[in-house]
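In: All I have is the shape, not the residue letters:
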């Protein structure tokens, strides 16, 4: 009888203990909420949609296996909010993410105008904030020791300026125009370019225009009357074909066009229905997804196409977030915490992540990312692409 | 000196083509206001709809004429629907109509995002190249756009001034109650103006498709300019709208050429404020006693 009781007790105990043992074998699980505060509607939707689409993809991929912090396996839960391209909505979103959702990390906004406002909320709240906003570099935020939790996801502007001025020299121009929409994005980005151009003996004139400019005739006429030989065009990327068409029809900027993050299709077909008669060079702040230079870039481009989301002329902006999600997971693992943002930020600065953008790391002198860049050149209808490999060790 | 004159003419010419588009949008605003006293704030979204419909047909057929031909009836139908379903019930309370039109902006934008995605779109214009007249370069597409706008506005003017239908419109604009006593079908006339006003926005959209990128959110830009032109020309005054539209286009172009280009909008709308301080009813009169 005793033996029978003992046997039954043993079986019952084993039965009851099985789930516990399974749970112990699997380890604990947890959720890390991350905020996304992007322009998913309104006039700057093209800026926010690609990085948000990339975050969805990256989170899905990280969550397939999860990531370990101590003995707990975590998954990300993205809370994606649309700021409708409006400052007031962006502020409300950031406040909600920090105070209600208690997130410790926010991605975006990418748009400089909104990113400048965002950091006023995230810095005092000790929340890590990622953004590609050029103005964060231009205004010195990413060098400010009082803002250690701000991380840029665009290449360092002085590095870009070197490549951009090099493009202008390839065009053989001495007197050039720097054109961009009259906003924080242009003002945040133009400084290093203008300084580098001056250093290299180029005469650069600034021509700004309202963001929604449809007809560039008068701006091009102005540049022509100033004797400017070539143009460097910053943004909006979607206006590049219009500008190039005006250049052809008004016989301006004879030595050519260079710009940041422009798709070659703008010069090949969109501007005048056939290749433009002048050289076109796109200096990319990211790898180029229309001419991916590495298998990792091509795989990422294919995944983006697979989402079915039309990302248009700013598709390359997807690089502004994609690699930083797994990098964040790696930093949390290394820091041993998902809540102590100072420790996570410190860990983030020591990581080199092998991602779609090549070797990705944070620069030493300015807290922004380094990864592969690209130069796309269109001459007489022929496209050549050149990757600039990341300098991360 | 000769060089400066050439440059000035070039700037002026650059501005006329866009000015004609503004005039057309303002004509639609002014027609609707003149009869219903409703300030139709969703007119920018009608322009956007016209642009997208034209783009769809242009890409599908490769014919700009078909694109134009499709945008006009499509927008006319939208105008008819909005009048019958929404604005007819607000005619006695124009302020309600104005608020309803603000709501329509969101409805139209949301619909456009669902149909065409929120991304900006770019299309090839039908005409490329330019003519060179003594170093003044005239863009062919701009001239085609100007010609379309001129013909459309001229037709509107002739219909309003020389036809019985036009006289009915003017009569309703002057005194709807007396017009009704005279046997003029006031509600039908108002409905017709909503249809024509929307069709004008459709034509403007078709032209804008050839000039720059379009997106579901471009409406505000053209609404702002359309209203500025309607105000300068005098609300309810179609000739004033035509003149003020061209004037605004030229002013924009000259501002881009001669003063800080980034401040183009500020200079232009500063001019609007000054004009309205000087002539509160617009350059050609209007407002209180709207004259169509």
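Out: Yes, it's here. All values derive from a computational prediction rather than experimental measurement.
In: ok now stretch A:295-303, how far from the chain's centre?
Out: Centroid separation between stretch A:295-303 and its chain, computed with CA atoms, centre = their mean, to the nearest Å, is 16 Å.
In: Quick one: mean pLDDT for it?
Out: Model confidence over stretch A:295-303 averages 90 on the pLDDT scale.
In: Flag every buried residue along that stretch.
Out: Neighbour counts over stretch A:295-303 (16 or more other CB atoms under 10 Å in any protein chain shown) mark A:296, A:297, A:300, A:301, A:303 as buried. All C-beta atoms are positioned from the backbone trio N, CA, C, and that covers glycine.
In: can you check stretch B:91-98 too?
Out: Under the neighbour-count criterion of 16+ other CB under 10 Å, stretch B:91-98 has B:91, B:97 buried.
In: Can you tell me which of the buried residues of stretch A:295-303 is closest to residue A:77?
Out: Of all those, residue A:303 has the smallest distance to residue A:77: 20.7 Å, by CB to CB.
In: Once you drop chain neighbours, what's closest to the closest one?
Out: Distances taken as CB to CB, 6 or more residues apart in numbering or on different chains put residue A:57 closest to residue A:303, at 5.7 Å, once the chain neighbours are dropped.
In: Mind giving me the packing neighbours of the longest helix that chain B contains?
Out: When chain B is parsed with DSSP state H, its longest helix is helix B:2-36. Judged by 3 or more CB pairs under 8 Å, 6 or more residues apart in numbering or on different chains; DSSP states H and E, the packing partners of helix B:2-36 are helix A:217-225, helix B:43-61, strand B:136-139, helix B:140-162, helix B:164-174, helix B:186-211, helix B:219-233, helix B:238-258.
In: List of residues touching the third one?
Out: Think strand B:136-139. If you take CB atoms under 8 Å, 6 or more residues apart in numbering or on different chains as the criterion, strand B:136-139 is touched by A:217, A:246, A:249-251, B:6, B:9-10, B:13, B:17, B:129-132.
In: List only buried entries from those residues.
Out: Buried among the contacts of strand B:136-139 by 16+ other CB under 10 Å: A:217, A:246, A:249, A:250, B:10, B:13, B:17, B:130.
In: State whether the fifth one and residue A:222 are indeed in contact, as I suppose.
Out: Put plainly, it is residue B:10. No: here residue B:10 lies out of contact with residue A:222, judged by CB atoms under 8 Å, at a distance of 9.9 Å.
In: Look up the closest residue to residue A:240, ignoring the ones flanking it.
Out: residue A:266 (4.4 Å).
In: Spit out the contact partners of the one you found.
Out: Taking CB under 8 Å, 6+ apart, we find residue A:266 in contact with A:237, A:240, A:241, A:244, A:280, A:313.
In: Select, from these, the two members most distant in space.
Out: Within the contacts of residue A:266, A:280 and A:313 form the most distant pair, 14.0 Å apart (CB to CB).
In: How about the residues of the stretch 51-200 of chain B by chain A?
Out: Counting by CB under 8 Å from any CB of the partner chain, the stretch 51-200 of chain B comes close to chain A at B:113, B:117-122, B:124-125, B:128-130, B:137, B:139-140, B:142.
In: Just flag the most distant two among the residues you listed.
Out: The span of those, defined through CB to CB, is set by B:113 and B:137 at 37.4 Å.
In: So these two - more neighbours on which side?
Out: Ranked by neighbour count (other CB atoms under 10 Å in any protein chain shown), residue B:113 and residue B:137 place residue B:137 first, with 21 against 17.
In: who's that one bridged to?
Out: For residue B:137, the beta-bridge partners are residue B:132 (DSSP bridges).
In: could you measure it against residue A:356, distance?
Out: 44 Å (CB to CB, to the nearest Å).
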